[in-house]
Structure formats: C-alpha cells, structure tokens
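**Q** generate a structure from the sequence data that follows.
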Amino acid sequence: MGISIPQALDCFHSSDLLGIGMEADAVRRALHPEGVVSYLVDRRLDIPSGENAAESVYSQAAEALDLAATGLHLDLGATISLGDLCALLSGLRQRFPALRLHGLSATTIAALAAASGLSLREVLTRLHASGLDSLAGDDALVCDEAGSWIETHRTAHQIGLRCTAAMISGLSETLAQRVDHLQALRALQEETGGFTAFTPIAFHPDTHSSVLAPIPVGWQPVTAVEYLRTLAIARMVLDNIPHIQSNNAAQGLKVVQMTLRFGCNDLGSITLAPGAPRPANRITEEDLRRVIRDAGFRPAQRDTLYQTLFLNN
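**A** Next up, the predicted model:
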C-alpha cells in the first residue's frame, strides 16, 4: 500500500531528504531485490507527412536496427491522417518485426480522434492493431483523475495497450497538485494494471516548448534536490507501478546515479541518432553501464515493455 496523501505532502515539506531517499530505496529493494538496473536502446523518430514519408521512416528504422536499437519512439512531426498512420505502423511491423513501436502521446491521440471523427477507443484500437506496442505518457502535465490524459490512458489499458506514466512538474503547480497527480495514477493502476513505468520529468522551456501552459514570471528550473525528492515520493506512492525511471537526458550523470538510491530502478533510454555526430553531453550506453556498476548494481538492457534482453555483470 503506497503512502497516503498527508504522508506524501509531509515528505514534500520535510528537510530530511536522505531519510526520504532511504524509505524510497526500501520500496525499490522490495520490488526489485535482484539488484539490477535497466536501460533501453532506441531511436526517437518524428513521422513526417507527404508521399515520401513512409520510405523516410523505413530508412531511419533500418539505420536504428543496424545500430542495435530494440525499439522506436514515435512522434508525429506533421499532420497525418489516421489511415496513413496506421498504414505506416503496419509497414514498420512487417519490415522490422524485431523493433518495438512505442510513442504517440495522449495529446496526439486526442488530435487524431478529433480529425477523424472517431472515439478515443476506436483510434487506439486501430493503432494497436496496426502495430503500436505501447503508448507514451511523457506529455503528462500535473492533472487530476478527471483529466483527458487519464481517460486516454484508461482507454488504452482497456484494449490491452501498455503505457508509460509521467508527471511534468516544476511549472506552476502546487505540491498538493503533484500529490493528487500521483494518486490519480495510482488509482488508475489499481483499476487497470496497464502502466509499465513512471518517470518524473522536470519542466524546461527548451525541451517542452510544445507544452500549452503559461510559464510564470520568475520561473526557475527544478533543482537536483527537488527532482530527487519528487522521484522518491513517487516511488513510495506508486508502489503498484513496477518501474520508476529517471530522466537521464535532462539530469546529468551525477544526479542520475543518485536516483538509484532514491527509488529508481531504470535509467531510461539511450536514444540513437544515426548519421549525426554525437554531442559532447550526450550520455552513451557505456556511460549508463558504468554509473550503474559504480552504484553497486548490475546493468541490464531491456526492451520497451521491460523484458530483459542482456544482463551485463
């Protein structure tokens, strides 16, 4: 049983960060006593529109597979019809059966439903039947149980589509709203069991420019301490979601390593960018394996649905 709303609020207001981390780590150990920390190798791919869209996507998928990716994280980079998107997914599934197809957000699903005149269930059913393995949850602003994000993911779970959960925090929400968001995720997981993992995401204008919410005057980025606190509280509230993932792309290796003692058991994705030079600050697979080993754990490569592929001692 996860901690209560009052207990979660007390943790947000507490100055005992290490104590909170230890409590979250105890939950992590109970759920994952084997001492393994996982990560994913995939490629983020924006689906374009136009007559050459399919060939462009197939070419990028082939490059990713050649570089040992196990999945694609799909986003819509342009307006595309539901029929064309389903055809593209079917083409990817037929040509690259080894790649897991993950992505498309609740925001995207709502837009597809509005454009096609179909219900959320009909859109999700068509996408799932065409090859979509799991729905991304990384567009989740702090919401409540009645929010459209929750309803889209509830519908996805009902048709057998697995999903990731998230919470974009650090914009203008209150601590009580963060706790309400976590409790809404917990309640939906109790109802459906459809979430594979949860990721706390710190809002930043550079990486969340598409978020339709006003940035408050005097906005400051989430600190490492606040991120660790939020992650630990999430682990304690969401003890019915098996995996807690840290956002390695935004936090940096030192903070990423600390998350492993604050309830985290997965370090997210190594996102490949075939044909492009590697920026100096991009984290590599070897970086993650080293961080995991140095923290006293064993690294394991997984796929999008958290099936272990390779255990690295």
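**Q** C-alpha from now on. contacts and neighbour counts both.
**A** Will do.
**Q** show me which residues of stretch 284-293 are buried.
**A** 285, 288-293 (16 or more other CA atoms under 10 Å).
**Q** okay, and which of the residues you listed map to helices?
**A** In helices, defined here by DSSP state H, the members of these are 285, 288-293.
**Q** please, where are all the strands along this structure?
**A** 36-47, 71-76, 100-103, 134-135, 162-169, 195-202, 243-244, 266-272, 298-302, 308-311 (DSSP state E).
**Q** what's the angle between the fifth one and strand 195-202?
**A** In this structure, strand 162-169 runs at an angle of 20 degrees to strand 195-202, with axes from the mean of the first three to the mean of the last three CA atoms, to 10 degrees as the basis.
**Q** restricting to C-alpha, output strand 162-169 in PDB.
**A** Only the C-alpha atoms of strand 162-169 are listed here, as PDB (Å, rounded to 0.1, in the frame of the first residue of the first chain):
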ATOM      1  CA  ARG A 162       0.500  -0.900 -22.300                       C
ATOM      2  CA  CYS A 163       1.500   2.600 -21.400                       C
ATOM      3  CA  THR A 164       4.200   4.600 -19.600                       C
ATOM      4  CA  ALA A 165       3.200   7.200 -17.000                       C
ATOM      5  CA  ALA A 166       4.900  10.500 -16.200                       C
ATOM      6  CA  MET A 167       4.500  13.800 -14.500                       C
ATOM      7  CA  ILE A 168       5.900  17.100 -15.900                       C
ATOM      8  CA  SER A 169       6.400  19.200 -12.800                       C
END
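**Q** packing partners of it?
**A** strand 134-135, helix 148-158, helix 175-192, strand 195-202 (3 or more CA pairs under 8 Å, 6 or more residues apart in numbering; DSSP states H and E).
**Q** distance to W219 and mean pLDDT added to the ones you listed, as CSV?
**A** Shown next, in CSV, are the helices and strands packed on strand 162-169 (distance: least, CA to CA, whole Å; pLDDT from 0 to 100):
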stretch, distance to W219, mean pLDDT
strand 134-135, 30, 97
helix 148-158, 25, 96
helix 175-192, 16, 96
strand 195-202, 13, 96
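**Q** out of these, deepest packed?
**A** Mean neighbour count (mean count of other CA atoms under 10 Å) peaks for strand 134-135 among those, with a mean of 27.
**Q** what's next to it, contact-wise?
**A** Applying CA atoms under 8 Å, 6 or more residues apart in numbering, the contact partners of strand 134-135 are 101-106, 156, 161-164, 304-305.
**Q** one more: stretch 239-252?
**A** Residues contacting stretch 239-252 (CA under 8 Å, 6+ apart): 1-2, 27, 31, 186, 189-190, 193, 195-202, 224, 231, 235, 256, 259, 263-269, 282-283.
**Q** again, only using 7 Å
**A** 1-2, 186, 189, 195-201, 235, 256, 259, 264-268 (CA atoms under 7 Å, 6 or more residues apart in numbering).
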